[in-house]
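Student: Next come a sequence and a model predicted from it.
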Amino acid sequence: MNCIKYFIAVTAMLLSVNFSAASQEIKQESKPEGAGQAVTSEVTRSSEGKQQTVEQKPGQAAGKEKRVVAVVDADGVQRVTITGGEYYFDPNYIIVKVNIPVEFVVTKAPGQIPHDIMVKAPEAGINFKIDLKKEAQTIKFIPTKIGKYEMYCDKKLLFFKSHKDRGMDGAIEVVQ
Ligand SMILES: [Cu+2]
């Protein structure tokens, strides 16, 4: 009889230890995102739980490549539509032809977190940085040099991982 009591006590103890470890893990995982919300938008501070589900919803996993080859329209412009959100660009790898005008139509996916899109490659005629908005905005440039240029969001909150590290990282490849 005593033996059974002891067994139950030990089992209960082990279960509670497991449980607290699991909940701690969840807390750690969600903390940066919740804290990010608090600063980017004071209003959403209290609805931490709700925001987390919104952030985790996008199907685009960080780091997944979404490649697109720009098509030259009838008017001689290569147009690509890009959406940015938590934490991705879609597409995030864009291939364009050298010396042909490019137009990116960029839009921000629904969400409270601010994002931008930038490429700093003035040597290749590509040099822009704009904050993404719900409304579509057009970025125009003419790539003048073959190569691969990094495209990313440079937003970062305090000591948290940058958006670039979280997946808002990609490239423009200029080809012949
Ligand atoms: Cu961002």
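Tutor: Right, received. Where do you want to start? Numbers count the residues shown, from 1 in each chain.

Student: so does stretch 104-113 get close to the ion?
Tutor: No - on the criterion CB under 5 Å from the ion, stretch 104-113 is out of touch with the ion, staying 6.7 Å away. Using the backbone N, CA and C atoms, a C-beta is placed for each residue, glycine as well.

Student: hang on, Ile100 packs against Arg79?
Tutor: No - Ile100 lies out of contact with Arg79 (CB atoms under 8 Å); the separation is 11.0 Å.

Student: Can you name the residues of this protein that neighbour the ion?
Tutor: Looking at the ion, the residues of the chain close enough under CB under 5 Å from the ion are 115, 153, 155, 163, 168.

Student: Run a quick check on the fourth one versus Cys153, I expect a contact.
Tutor: Yes - in terms of CB under 8 Å, His163 counts as a neighbour of Cys153; the distance is 4.2 Å.

Student: Could you name every residue contacting both of these two?
Tutor: 87, 115 (CB atoms under 8 Å, 6 or more residues apart in numbering).

Student: coming back round to it: kindly indicate which of the residues of the chain next to the ion lies nearest Lys134.
Tutor: His115 (11.3 Å; CB to CB).

Student: Skip ahead from the worst-scoring helix or strand of the chain on mean pLDDT and say which helix or strand is next.
Tutor: Within the chain, no helix or strand scores below helix 48-56, which has a mean of 34 by mean pLDDT, DSSP states H and E. Using DSSP states H and E, the next helix or strand after helix 48-56 towards the C-terminus is strand 67-69.
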